[in-house]
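Q: Based on what follows, work out the 3D shape:
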Amino acid sequence: MYYMGINDQNTPPNDAQNPSSDSPSGTFVIPDIEPFDAPSSPPPSSMPSQDFSSANVFPDPSDLSSQVSQTQSSSLPLHQTVVVEETPENISLPQGDTSAMPSQVLPENPIPPLNNDILPQGYIPQGLMPNVDQAKADVSNGGAPPTMQPPNDASQFQQKPSRGFGKKILIILIILFVLGGIGAAGMFGLRMIQDRQEVTIQYWGLWENPEIVAPVIAEFESQNPTIKVRYTKQSHRQYRERLQAAINRGDGPDVFRFHATWVPMLKNEIEPIPADVVSPSQFTSQFYKVAAQDLLAGSTLWGIPIMIDGLGLYVNDDIFSAAGLTPPQTYEDLLAVVPLLTVKDGNTIITSAIALGTTNNVEHFSDILALMMMQNGVRLTNPTGREAEEALLFYKKFANPTDPLYTWNSLLDNSIVSFANGRVAMIFAPSWRVFDIKEINPSLRFRIEPVPQLPGNTVTWASYWVEGVSSKSKHKKQAMRFLQYITSKESVIKLYTEASKQRLFGEPYALVELANTVESDPFVGVFIRQAPNARSFPLASLTHDNGINDRMIQYMIDAVNSLDKSVPPSQALDTMAKGFQQVLSSYGLIGGGSPR
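A: The predicted structure is shown next:
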């Protein structure tokens, strides 16, 4: 039996599991990418220690050579989206009333200044000067002039306050009180006028047609008659760049969809969600752990997801039935079935067991290889070392003509097209690829299984989209109210129901409490059951961001393809790691180009 050793550190740092309130508010910190214990997995301390000198983390397929020798004798187009009301790059959407609330203006110097003179001019207190007539009489009688004596009562020197002064103060206080009351009433009245004034908020979506979103918007508008919502389905082409440009011009959407990995790119365009919309504690309890890791930085929440998605193992029922095999649950199982499912004519592959090993015709290859690395204990911020080399070589071996497991090459059709046409038995793909496969071959019999795992550790992949509010919105209060509404339980159920009227299923629920409603669905169920153990990283395919994901993926493409030129895997990964760190540093995810 092949045993695949696991890195002893299976539990991520505390800040990756539960975003700490100690993190600076509003600072996006990418979680350390280490495998974490699945709920059903034993704690790391209970796992047998591994001797890496004698056992590979991924199975060594050479032990199957005898079995292989016995058994061997016996560009899909981009996701089709009808763009309804697609907006050009210089989009200028009308905004609602943008009048600002006037600030309260108080009169200058509302209290008149007091007089600086203490005594009125010419005022002499009584008793201070002598009696003139008496002095004359005394002198005429031969007496001496009277001697001036100070008054006995010192109070004669004190000014008695005017009775009108107190009245003035009282009048001033009354006036101020009245003015303050009028001002407060005016502010309250203005707020009521603004709340009753109709505004229009713009909502940019990507994948859903307007008729799917329309019923939810209609219900929101009926409950909020002063808020109108205009939904526009955008094209994915240069969407991220057009979104940022429109927001920074001041004519962008109020509410918009963005990929969960885009937060570092859009941190200046996204308005943090206040706690009265959803608090951090509510968010962590209502959504899957991966959403908190991606969207919650300390107490700052950047977006709310409606959906969740990732990778599943698509299996051709007819090919497996003909071979009498069951879908693999582990990588050991996968190695065992590959030679049994591969059909060749000399060196020509007629039927492939699984689409792995190349970059040009394996859709979502970056998601797949990133998943394998995380399952093998690789820290993707610095993907070097033995575990990273093993994962890279394991992925590449299925396209190596000298390897006994050779089953795929770069000359075959796109993996999605090949699967739809029955030319490959298994592929890794997200849920929405069901629609492409059904469109190509409606009669194909297939199922979706969980992705294979290594013993003792369960790690799955997440790639999903999020709703957020623009930091430049002129109607943030109304936009937040709509965001809260459209991500609510009732609204996402309505969206799923409306989407299911047009296709096989809607977007898989991001809310944990709705998992039991779809976990038995033949197409959606797998992705819901895998969500609790899902991890993400900016190596998500087909985000079309021309930014963090696409730049990182290019370094991964170069690393995989360099092995065909006899570049040692350690050297290929060292170059890839330096490229990763350069990209991550440019978005502030790691400091100084050093891995976290």
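Q: Quick one: low-confidence residue ranges for the stretch 1-150 of the chain.
A: Along the stretch 1-150 of the chain, segments meeting pLDDT under 70 span 1-57, 59-150.
Q: now do the chain
A: The chain contains residues with pLDDT under 70 at 1-57, 59-166, 178, 180-195, 592-596.
Q: How about the contacts made by I349?
A: By Cβ atoms under 8 Å, 6 or more residues apart in numbering, the contact list for I349 reads 342-343, 407-409, 412. No exception for glycine: its C-beta is placed from N, CA and C like everyone else's.
Q: where along the chain do the strands fall?
A: Per DSSP state E, the chain carries strands over the ranges 199-205, 227-233, 255-259, 296-297, 300-301, 304-305, 312-316, 343-345, 348-354, 424-429, 446-449, 460-461, 465-469, 534-535.
Q: hmm, back to that, and the two most separated of the contacts of I349?
A: In these, the most distant members under the criterion Cβ to Cβ are V343 and N409, with 14.0 Å between them.
Q: ok, and the most crowded of the contacts of I349?
A: T407 (28 neighbours; other Cβ atoms under 10 Å).
Q: Quick one: residues contacting the closest residue to S410 other than its chain neighbours.
A: Of all residues not flanking S410 in the chain, T358 sits nearest, at 4.7 Å (Cβ to Cβ, 6 or more residues apart in numbering). Neighbouring residues of T358 by Cβ under 8 Å, 6+ apart: 365, 399, 408-410, 560.
Q: again with Q478
A: Going by Cβ under 8 Å, 6+ apart, Q478 touches 199, 201, 224, 227, 254.
Q: phi, psi of the third one?
A: Translated: N224. phi -130, psi 80 (degrees, to the nearest 10).
Q: Count the neighbours of it for me.
A: What N224 shows, counting by other Cβ under 10 Å, is a neighbour count of 14.
Q: so who does it touch?
A: By Cβ under 8 Å, 6+ apart, N224 lies in contact with 478, 481-482, 485.
Q: any idea which of these is closest to M307?
A: The shortest gap between M307 and any of the contacts of N224 belongs to Y485, at 16.4 Å (Cβ to Cβ).
Q: Next, the contact list for the residue nearest to T517 when sequence neighbours are not counted, please.
A: Spatially, and ignoring its direct neighbours in sequence, T517 is nearest to Y509 (7.4 Å; Cβ to Cβ, 6+ apart). Y509 is in contact with 307-308, 492, 496, 515, 517-518, 528, counting by Cβ under 8 Å, 6+ apart.
Q: Now, of those residues, which are buried?
A: Buried members of the contacts of Y509, scored by 16 or more other Cβ atoms under 10 Å, are 307-308, 492, 496, 515, 518, 528.
Q: what's I590 sitting at in phi/psi?
A: I590 has phi and psi values of phi -140, psi 150 when expressed as degrees, to the nearest 10.
Q: So that it lines up with my notes, have the first residue be 39 from now on.
A: Happy to do that; since the first residue is 39 now, the last one works out to I628.
Q: For it, give its distance to R573.
A: Going from I628 to R573 by Cβ to Cβ, to the nearest Å gives 17 Å.
Q: So for those two, which residue has more residues nearby?
A: Neighbour tally, I628 and R573, criterion other Cβ under 10 Å: the higher count belongs to R573, 25 against 20.
Q: I figured that one was touching T498, is that so?
A: Yes - counting by Cβ atoms under 8 Å, T498 is a contact partner of R573 at 7.2 Å.
Q: if we can go back for a sec, which one of the strands of the chain lies closest to P606?
A: Closest to P606 of the strands of the chain is strand 386-392 (Cβ to Cβ; 25.6 Å).
Q: List the strands paired with the closest one, with their directions.
A: strand 381-383 (antiparallel), strand 462-467 (parallel) (DSSP bridges).
Q: Can you say which of these is nearest to A335?
A: strand 462-467 (30.1 Å).
Q: phi, psi of S526?
A: phi -70, psi 160.
Q: To what extent is it buried, counted in neighbours?
A: 17.
Q: any idea how far T386 is from the residue nearest to S448?
A: The value you get for T396 to T386, if Cβ to Cβ is used, is 16 Å.
Q: next one: Q619
A: Using Cβ to Cβ, Q619 is found at 42 Å from T386.
Q: Equivalent analysis for E425, please.
A: From E425 to T386 the distance is 35 Å (Cβ to Cβ).
Q: can you check P302 too?
A: P302 is 45 Å from T386, where distance means Cβ to Cβ.
Q: who's more crowded, those two?
A: Using other Cβ under 10 Å as the criterion, P302 and T386 rank with P302 on top: 18 against 9.
Q: Verify the contact between that one and I586 for me.
A: Yes - the criterion here is Cβ under 8 Å, and P302 meets it with I586 at 6.4 Å.
Q: Next, show the common contact partners of those two.
A: Overlap of the contact sets of P302 and I586 (by Cβ under 8 Å, 6+ apart) consists of Y625.
Q: Enumerate every residue touching A610.
A: 430, 596-598, 600-601.
Q: Now for L378, how many residues are close by?
A: 18.
Q: if we can go back for a sec, quick one, which of the contacts of Q516 are buried?
A: Listed as buried from the contacts of Q516 are 237, 239, 265, 292; burial here means 16+ other Cβ under 10 Å.
Q: Would you agree the third one is in contact with V237?
A: Yes - using Cβ under 8 Å as the test, I265 is close enough to V237 to be in contact (6.1 Å).
Q: quick revisit: in TSV, list the contacts of T396 along with distance to V254.
A: TSV is the format used below for these (distance: Cβ to Cβ, whole Å):
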residue	distance to V254
F403	35
A437	45
W446	43
N447	46
S448	44
V598	42
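Q: Let me know the closest of those to I311.
A: Of all the contacts of T396, F403 has the smallest distance to I311: 34.0 Å, by Cβ to Cβ.
Q: how near is that closest one to T270?
A: Distance from F403 to T270, by Cβ to Cβ: 32 Å.
Q: T364 is in contact with F358, isn't it?
A: Yes - using Cβ under 8 Å, T364 is in contact with F358, at 7.0 Å.
Q: Looking at these two, which one has more neighbours?
A: Per other Cβ under 10 Å, whichever of T364 and F358 has more neighbours is F358, with 20 against 12.
Q: Next up, the contacts around the more buried one.
A: By Cβ under 8 Å, 6+ apart, the residues touching F358 are 364-365, 379, 463.
Q: Could you report the distance from it to R424?
A: Taking Cβ to Cβ as the measure, F358 falls 34 Å from R424.
Q: Then K603?
A: Distance from K603 to R424, by Cβ to Cβ: 22 Å.
Q: Who has more neighbours out of the two?
A: Remark: of K603 and R424, R424 carries more neighbours, 15 against 7, as counted by other Cβ under 10 Å.
Q: and the gap between S624 and R589?
A: According to Cβ to Cβ, S624 stands 9 Å off from R589.
Q: Of these two, give the one with the bigger neighbour count.
A: A direct count of neighbours by other Cβ under 10 Å for S624 and R589 places R589 higher, at 18 against 15.
Q: pretty sure the more buried one is touching V621, no?
A: Yes - the criterion here is Cβ under 8 Å, and R589 meets it with V621 at 4.8 Å.
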